[in-house]
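**Student:** Fold the following, please.
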Amino acid sequence: MMLSKLSIAKIWLALLGLAFLVSCSDSPEKISFSGKTMGTTYSVTVYSKDPRHNKEEIQKKVDIVLKRVNAQMSTYDPESELSQFNQFKSTQPMVISRDLERVVNRGLEIAEETEGALDITVGPLVNLWGFGPQARPEKEPSEEELNAVREKTGYQKLRVENHQLIKDNPELYVDLSTIAKGYGVDRVAHLLDQLRIKQYLVEIGGEVIAKGGKPDEALWRLAIEKPVSTERAVQRVVQFKDGALATSGDYRNYYEEDGKRYSHIIDPVTGAPVQHNLVSTSVYAEDTMSADAYATALFVMGTEKAKSFAKKHNMAVMLIYKTDDGFEEYMSEAFKPLLAEQ
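**Tutor:** Predicted structure coming up:
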């Protein structure tokens, strides 16, 4: 049977329409959402072609993961697993979850590696200086008060054995705020991996992990903020396909009393807020938990020690420090390839 020209034209139009629909379905859908967790905010962006990946279902699963991490590691929730350990005034072992075990072990590893620059037991000192759940002190703690609290700190007094957490001093208090946010980011990333999402960006309180780049092979672009409290401005832009980035600084979380500035980051050696010219540290790593912890440890070290540590361990690090003329940058060789044009 012969087809008329009109019939042939209709077939071609149908085929063209089908091709258009197929090409459209090949473009991944962008899904973005945000929420609150761990006393801050989170945001997630994913690209997916799978029609089963819808915003509501993904966010519901993300919220469950983050609630679990918070219920395990918060010091603000008196019912959390970590709070229960801190309230356990005994040197007897306490069985803990695998998640809490993993984070504590990583914190102790980095504490050893950085010679105590990171110390997950400085919580009582954080509280003493007014940066924890307790109220800000009316005056600077005395030397006697500092020494009394320092007796209750020290990562060497904490250990994990047979999935149990043990403290040598019953008054020891563990605070995972320097590492738990990063771990929360990693747990969300793990969830997205399980959902077979191959392109995503996850952020909690400024700590970020990225995977797979963006569509059309574009890299994820992230801004490192200028270390000033008077405005939101960009210091540098970095870009990468996969990896984690964390930044630590004291330009937002501090207070002033009688003309003196008090940082929320405590030096475990002195027991007091850090006093040096380093104002921001950014660390790129494979996982956010490590990037988060190292960023804090390097900040505690100060500029010169942080430079030496980064060189020794071939870390991708950017430091911003004060000078008489303003701010200066230091970038390790491993960090420089991450820089993007602004």
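**Student:** Could you use CA atoms for every contact and neighbour count after this?
**Tutor:** Noted.
**Student:** and the strand or helix carrying residue 245, what does it pack onto?
**Tutor:** Residue 245 belongs to strand 243-249 when elements are defined using DSSP states H and E. Packing partners of strand 243-249 (3 or more CA pairs under 8 Å, 6 or more residues apart in numbering; DSSP states H and E): strand 207-211, strand 278-285, helix 288-301.
**Student:** three-state assignment of residue 320?
**Tutor:** strand (DSSP: H, G, I helix; E, B strand; the rest coil).
**Student:** Contact partners for it?
**Tutor:** Residues near residue 320 by CA atoms under 8 Å, 6 or more residues apart in numbering: 227, 278, 279, 280, 281, 327, 328, 329, 330.
**Student:** how's the chain carved up into domains?
**Tutor:** The chain resolves into domains spanning 29-75+178-206, 80-167, 219-342 when parsed by automatic domain parsing.
**Student:** what about residue 192, which SS state?
**Tutor:** Taking three-state DSSP, the label given to residue 192 is helix.
**Student:** Can you tell me how far it is from residue 241?
**Tutor:** Relative to residue 241, residue 192 is positioned 16 Å away (criterion: CA to CA, to the nearest Å).
**Student:** Same check on residue 66?
**Tutor:** When CA to CA is the yardstick, residue 66 and residue 241 sit 24 Å from each other.
**Student:** Could you tell me how many residues sit around residue 130?
**Tutor:** Here the neighbour count serves as a burial measure; for residue 130 (other CA atoms under 10 Å) it reads 19.
**Student:** shaky segments in the stretch 151-300 of the chain?
**Tutor:** Residues of the stretch 151-300 of the chain that meet the criterion pLDDT under 70 lie in 229, 250-262.
**Student:** Helices of that one, start to end?
**Tutor:** In the stretch 151-300 of the chain, helices defined by DSSP state H, counting those that start in this stretch lie at 180-194, 288-301, listed in chain order.
**Student:** just the ones you listed: most buried one?
**Tutor:** For the helices of the stretch 151-300 of the chain, the stretch with the most neighbours on average is helix 288-301, a mean of 28; neighbours defined as mean count of other CA atoms under 10 Å.
**Student:** Can you name every helix or strand that that helix contacts?
**Tutor:** Taking 3+ CA pairs under 8 Å, 6+ apart as contact, the helices and strands that helix 288-301 lies on are helix 98-113, helix 180-194, strand 207-211, strand 243-249, strand 278-285, helix 303-312.
**Student:** So which elements touch the shortest one?
**Tutor:** What it means is strand 207-211. helix 180-194, strand 199-204, strand 243-249, helix 288-301.
**Student:** just to revisit the earlier point, which one of the helices and strands packed on helix 288-301 lies nearest to residue 154?
**Tutor:** Taking CA to CA as the criterion, residue 154 comes closest to helix 98-113 out of the helices and strands packed on helix 288-301, the separation being 9.9 Å.
**Student:** Return whichever helix or strand comes after that closest one as CSV; C-alpha atoms alone will do.
**Tutor:** Heading C-terminal from helix 98-113, the first helix or strand you meet, by DSSP H and E, is helix 123-128. What follows is helix 123-128 as a C-alpha-only set of coordinates in CSV (Å, rounded to 0.1, in the frame of the first residue of the first chain):
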residue,chain,number,x,y,z
GLY,A,123,34.4,20.4,75.8
PRO,A,124,34.7,21.6,79.5
LEU,A,125,37.0,24.3,78.4
VAL,A,126,34.7,25.3,75.5
ASN,A,127,31.9,25.5,78.1
LEU,A,128,34.0,27.4,80.5
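**Student:** Tell me the helix or strand right after helix 123-128.
**Tutor:** Counting by DSSP H and E, the element after helix 123-128 in chain order, helix or strand, is helix 143-150.
**Student:** who's in contact with that next one?
**Tutor:** Residues outside helix 143-150 that contact it (CA under 8 Å, 6+ apart) are 124, 125, 271.
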